[in-house]
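[1] Below are the sequence and a predicted model for it; my questions follow.
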Amino acid sequence: MSEQANDKTEGLSDEDLQDLVASSDTGGRVPTNRSVALLISGIALAWSLFQLWIAQPQLWFGQYLPVMNSSQTRPMHLAFAVVLAYLAYPAFKNSPRDRIPLADWALALIGFLCAFYVFAFSRELALTARSGLPTQFQVIVGAVGIVVLLEASRRALGPALTIVGSLFLLYAYMGQGWLIPDIIEHNGLSFTAIVNAQWLDTTGVFGIPLGVSTAFVFLFVLFGAILDKAGAGNYFIQLAFAGLGHLRGGPAKAAVVGSAMTGLISGSSIANVVTTGTFTIPLMKRVGFSSEKAGAVEVASSVNGQIMPPVMGAAAFLMVEFVGISYVEVIKHAFIPAVISYIALVYIVHLEALKKDMPALGEAKSLAQMFLKIFIGFVVAGVGFTALIYGIQGLRAAAPGIADWVVLAAIGAVYVLALRVAAGREDLALDDPNAKEFHLPTVAQVFPTGIHFLLPILVLIWFLMVEMQSPAKSAFYAVAVMLLIIVTQRPLKAMFRSENLGSATRAGFDDLIEGLIAGARNMIGIGVATAAAGIIVATVTKTPIGTELAGLVEVLSGGNLFIMLLLIGVFSLILGMGLPTTANYIVVSSLMASVVVTLGAQEGLIVPLIAAHLFVFYFGIMADVTPPVGLASFAAAAVSGGDPIRTGFTAFFYSMRTVALPFLFIFNPALILYGIDLGTWAGILQAAFVFVTATFAMLLFAAATQGYFLAPSRMWESAALLLVALTLFVPGFWLNRVQPPFNESPPTELAASMDAAAPGDRIRFVVSGPSFTDGGVTQTTLVHTVAEEDPATGRADAAGLFLLPEGEKLYMDEPMFGTPYQEKLSSFDFYAEDRVEVVSVLSPAERMPKQVFYIPALLLLGLVILLQRRRQTKPAF
């Protein structure tokens, strides 16, 4: 028997793979009793309909529906999630899957009642518990609800979040003990206070994370589920293979691009691996990838689907709330790292194909030509989208009363025309990847069959990026378009093909119901995770751990920002081994994001808060790859028949670019377009320059880590490529060692500098004084940005700063309550014997351009190219 056959027999069957996805994402229980199965499906369907009801932006029929506020929608959201968690997820591995035990029915009912109580009695809770006067019955309801929620979390997500949540509750109650460091000790909260904060108030279980899940995340997950049910997943995979399959190592490149596109419709790394991997992994093995490398490519590309705009994972919506910026801003900051990460992964698998001299499926084509075609496609799409924007704006200016109706009619006409074109071709069907002969489709064959799937994505992007609507409203309109498509695409195709219209209509409605049910079941884990993670968030705000952790991390890292980032990365990886990305992000960002900003300021580095949150997000995603747990790696190994641990290590090695990126944009925020105004041509050109430079640097980084560029690299050549990549990524690193970035001015000039600055200018100043934590001397760097509305004089006073000049020194009193500086300087003890003072004012120094260091970097790169060209035996692309 051949090695390929052996691999195939070692892999799992399609039924086993779907069970693997169900066990982790939608629940592994499949009741044989039809009534029970229909009940679970009915509850899931009701959840989706409930979410669409509360999301509708007051359309014409909205006046006939009751309006609910967040204190009512969040408990109902959790009630649905908890009930489905107990009905869909068995308690243990050996628990029955074909029926629901009586205890699970009881727990589902108790969980529903505890959450429903918060919904039904929200007004009474506002007058009692949320005013600090909970009744004994309310405390009992809350305590039972917390326990039931933690058990639901254990079933749906594994034990990690339950254990972490329980430890935080224990810490809040105990406050002190031999395992609790002195720096975060407190007197302990009463049992009543903990239950009140966690369940009865709006800051714990029913706080921001669950609110984001209720308002935003559900709609995007539902959008993806319906899009997938309509056939978009198959369309994207076929399109990727049509465009990339003819290249050397083409199946691996198609897996990368296909997973990036299916990342639009699947927020789950495991589901992405199984969906695309069952087709791509056998084809990768067919052209020469080992089982482990084929699985690793699929894992690396599937996991990164969560960082790909415009539809990112649930954590992206949490960033909106935690950082206080719009979703469009999150997309802007995440775009370049995500795109260059995928480009680098395509290049990595290309290098693997070169090293192994892998053949192409069919006639080989050029990677460089493919990149050129993609670039032309992006330019054409960009020009077309820009023309669409100006066209609709012109229509609204000329005929504002009918403009929206004209646009709706145009969308309908385009949709019908697209389906007319698609109906003239056979429906897409994937060939058997294990067949002796495999025929690759062409782009001309595939593209017309699913153009209509691009419409809801275009609607989503339009409302997000052009109309600047909220994520919830944008997702609602995209889902509405998708609901129309899934109901009508089969009947319209049948009509164009002169087929049975009745059966096609029934099939369309069946697809709609199944899509709504699938969307709700995909949300069970996220709903439970965001609720349980709210326990950690509330504990952080109610105890000293949130404010004092900076001191503890500073001690562990020795005050070095880079070491602290390493510690946070490791912490995220360890925690993420048992937590889904969303819960991991909530926990680590609540504890660590502000610490990164604080410690960076102490080192004189201004770290944007969004960069700290993206840092945590990236490492949380990497936990799905990292052995020994790495669930996505186990899923890929189940498909490939390879060793899961080796698959995980290989996937982590392929993902080194994703590990490096967070460190790079912490030290060079331009990589996330921070401070770059895309509303001006200068900003657009700067963003384009950053993108091109970062892409080139990431390709060199990939070549260095793979040990292959134009030929197999020697050790020093790989080191040289890494050095060139670092210089292109962070040229200021070298400039700071040659010329200081700032000139120091006497501290007494601070107020005058603020008054003399123009709107938009930034004034840096360094503050030193006793730490509120341990009394030791600490310092931080602050940046004051002059706003248009600031007064012409007295800007320091207007900002809430109390400056006390004494001779050549400038002391500070505690900033005015409620101003940003009160929070920024909260780590200083203004009532200690030693005083807090401004030690210097920093103004930008006149320096040579940091891009000067590109010259020696490119010369070094030229030397590597010259030496490798002599050994090169294959074309580079």
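    Here it is on my side, so go on.
[2] give me the number of residues near the nearest residue to residue 742 once chain neighbours are set aside?
    Distance criterion Cβ to Cβ, 6 or more residues apart in numbering; nearest residue to residue 742, sequence neighbours excluded, is residue 842 at 3.8 Å. Every residue, glycine included, has its C-beta placed from N, CA and C. Applying the criterion other Cβ atoms under 10 Å, we find 21 residues in the vicinity of residue 842.
[3] How about the backbone phi and psi for residue 842?
    phi -110, psi 130 (degrees, to the nearest 10).
[4] Pull the distance from stretch 297-317 to the chain's centre.
    Its chain's average C-alpha position is 6 Å from that of stretch 297-317, according to Cα atoms, centre = their mean, to the nearest Å.
[5] Any idea how far apart the tips of it sit?
    28 Å (Cα to Cα, to the nearest Å).
[6] State the mean pLDDT of that stretch.
    Averaging pLDDT along stretch 297-317 yields 75.
[7] quick one, helices of the stretch 501-650 of the chain?
    Assigned by DSSP state H, counting those that start in this stretch, the helices in the stretch 501-650 of the chain fall at 501-522, 524-542, 545-557, 561-576, 581-588, 594-602, 609-622, 631-640, 644-654.
[8] Out of the ones you listed, flag the one nearest residue 194.
    Residue 194 lies closest to helix 524-542 among the helices of the stretch 501-650 of the chain, at 8.1 Å (Cβ to Cβ).
[9] Check which helices and strands the closest one is in contact with.
    Helix 524-542 makes packing contacts with helix 70-88, helix 136-157, helix 159-174, helix 208-212, helix 581-588 when contacts are defined by 3 or more Cβ pairs under 8 Å, 6 or more residues apart in numbering; DSSP states H and E.
[10] Between helix 524-542 and the first one, find me the angle.
    Pointing back at helix 70-88 there. With axes from the mean of the first three to the mean of the last three Cα atoms, to 10 degrees defining the directions, helix 70-88 sits at 130 degrees from helix 524-542.
[11] Helix 70-88: what's the following helix or strand?
    Counting by DSSP states H and E, the next helix or strand C-terminal to helix 70-88 is helix 102-120.
[12] and what of the shortest one?
    Scanning forward in sequence from helix 208-212, with DSSP H and E defining helices and strands, the next element found is helix 218-229.
[13] Need the CA coordinates for that following helix. PDB is fine.
    What follows is helix 218-229, C-alpha atoms only, in PDB (Å, rounded to 0.1, in the frame of the first residue of the first chain):
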ATOM      1  CA  PHE A 218     -24.000  37.300  16.900                       C
ATOM      2  CA  LEU A 219     -25.000  39.200  13.700                       C
ATOM      3  CA  PHE A 220     -21.500  38.600  12.100                       C
ATOM      4  CA  VAL A 221     -21.500  34.900  13.100                       C
ATOM      5  CA  LEU A 222     -25.000  34.600  11.700                       C
ATOM      6  CA  PHE A 223     -23.900  36.400   8.500                       C
ATOM      7  CA  GLY A 224     -21.100  33.900   8.100                       C
ATOM      8  CA  ALA A 225     -23.300  30.900   8.800                       C
ATOM      9  CA  ILE A 226     -25.900  31.900   6.200                       C
ATOM     10  CA  LEU A 227     -23.200  32.800   3.600                       C
ATOM     11  CA  ASP A 228     -21.600  29.400   4.100                       C
ATOM     12  CA  LYS A 229     -25.000  27.600   3.900                       C
END
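[14] picking that back up, let me have the helices of the stretch 501-650 of the chain in CSV, extended by distance to residue 806 and mean neighbour count.
    Below are these laid out as CSV (distance: least, Cβ to Cβ, whole Å; neighbours: other Cβ atoms under 10 Å):
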stretch, distance to residue 806, mean neighbour count
helix 501-522, 63, 19
helix 524-542, 37, 26
helix 545-557, 29, 19
helix 561-576, 33, 19
helix 581-588, 43, 29
helix 594-602, 25, 21
helix 609-622, 34, 26
helix 631-640, 61, 28
helix 644-654, 56, 23
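[15] Could you identify which of the ones you listed has the lowest mean pLDDT?
    When the helices of the stretch 501-650 of the chain are ranked by mean pLDDT, helix 545-557 comes last with a mean of 70.
[16] hang on, the earlier thing: between the helices of the stretch 501-650 of the chain, which one is closest to residue 205.
    Per Cβ to Cβ, nearest to residue 205 of these: helix 524-542, 4.6 Å.
[17] returning to what we had before: same list (the helices of the stretch 501-650 of the chain) but as JSON lines, adding distance to residue 149.
    Converted to JSON lines, these look like this (distance: least, Cβ to Cβ, whole Å):
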{"stretch": "helix 501-522", "distance to residue 149": "18"}
{"stretch": "helix 524-542", "distance to residue 149": "6"}
{"stretch": "helix 545-557", "distance to residue 149": "21"}
{"stretch": "helix 561-576", "distance to residue 149": "19"}
{"stretch": "helix 581-588", "distance to residue 149": "13"}
{"stretch": "helix 594-602", "distance to residue 149": "27"}
{"stretch": "helix 609-622", "distance to residue 149": "21"}
{"stretch": "helix 631-640", "distance to residue 149": "22"}
{"stretch": "helix 644-654", "distance to residue 149": "31"}
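[18] if we can go back for a sec, tabulate the helices and strands packed on helix 524-542 in a markdown table, adding columns for distance to residue 410.
    Shown next, in a markdown table, are the helices and strands packed on helix 524-542 (distance: least, Cβ to Cβ, whole Å):
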| stretch | distance to residue 410 |
| --- | --- |
| helix 70-88 | 34 |
| helix 136-157 | 43 |
| helix 159-174 | 47 |
| helix 208-212 | 34 |
| helix 581-588 | 37 |
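[19] Can you say which of those helices is nearest to residue 350?
    Residue 350 sits nearest to helix 581-588 of all the helices and strands packed on helix 524-542, at 28.0 Å, using Cβ to Cβ.
[20] contacting residues for residue 530?
    Taking Cβ atoms under 8 Å, 6 or more residues apart in numbering, we find residue 530 in contact with 209, 210, 212, 213, 217, 314, 582, 583, 586.
[21] Tell me the spacing between it and residue 383.
    Applying Cβ to Cβ, to the nearest Å, the value for residue 530 to residue 383 is 40 Å.
[22] Same question for residue 491.
    35 Å.
[23] Repeat that for residue 35.
    Going from residue 35 to residue 383 by Cβ to Cβ gives 56 Å.
[24] Without its sequence neighbours, what residue ends up closest to residue 423?
    Using Cβ to Cβ, 6+ apart, the nearest residue to residue 423 is residue 496, at 3.7 Å.
[25] Point me to the helix or strand that includes that neighbour.
    Per DSSP H and E, residue 496 falls inside helix 471-497.
[26] Packed most tightly, which of the helices and strands packed on helix 524-542 would that be?
    Ranked by mean neighbour count under mean count of other Cβ atoms under 10 Å, the helices and strands packed on helix 524-542 are led by helix 581-588, which reaches a mean of 29.
[27] and that helix, how far from the chain's centre?
    How far helix 581-588 lies from its chain's middle: 10 Å, per Cα atoms, centre = their mean.
[28] Touching, residue 601 and residue 780? I think so.
    Yes. If you go by Cβ atoms under 8 Å, residue 601 and residue 780 touch, sitting 4.4 Å apart.
[29] longest helix anywhere in the chain?
    Secondary structure of the chain per DSSP state H: the longest helix is helix 367-398.
[30] Give me the mean pLDDT for stretch 359-374.
    The model assigns stretch 359-374 a mean pLDDT of 68.
[31] Going forward, count from 118.
    Sure, I'll start numbering at 118, so the last one becomes stretch 476-491.
[32] First-to-last residue distance for that stretch?
    Span of stretch 476-491 from end to end, Cα to Cα: 22 Å.
[33] re earlier: out of the helices of the stretch 618-767 of the chain, flag the one nearest residue 489.
    Nearest of these (Cβ to Cβ): helix 761-771, 25.1 Å.
[34] Which SSE is immediately downstream of that closest one?
    Note on helix 761-771: by DSSP H and E, the next helix or strand toward the C-terminus is helix 773-784.
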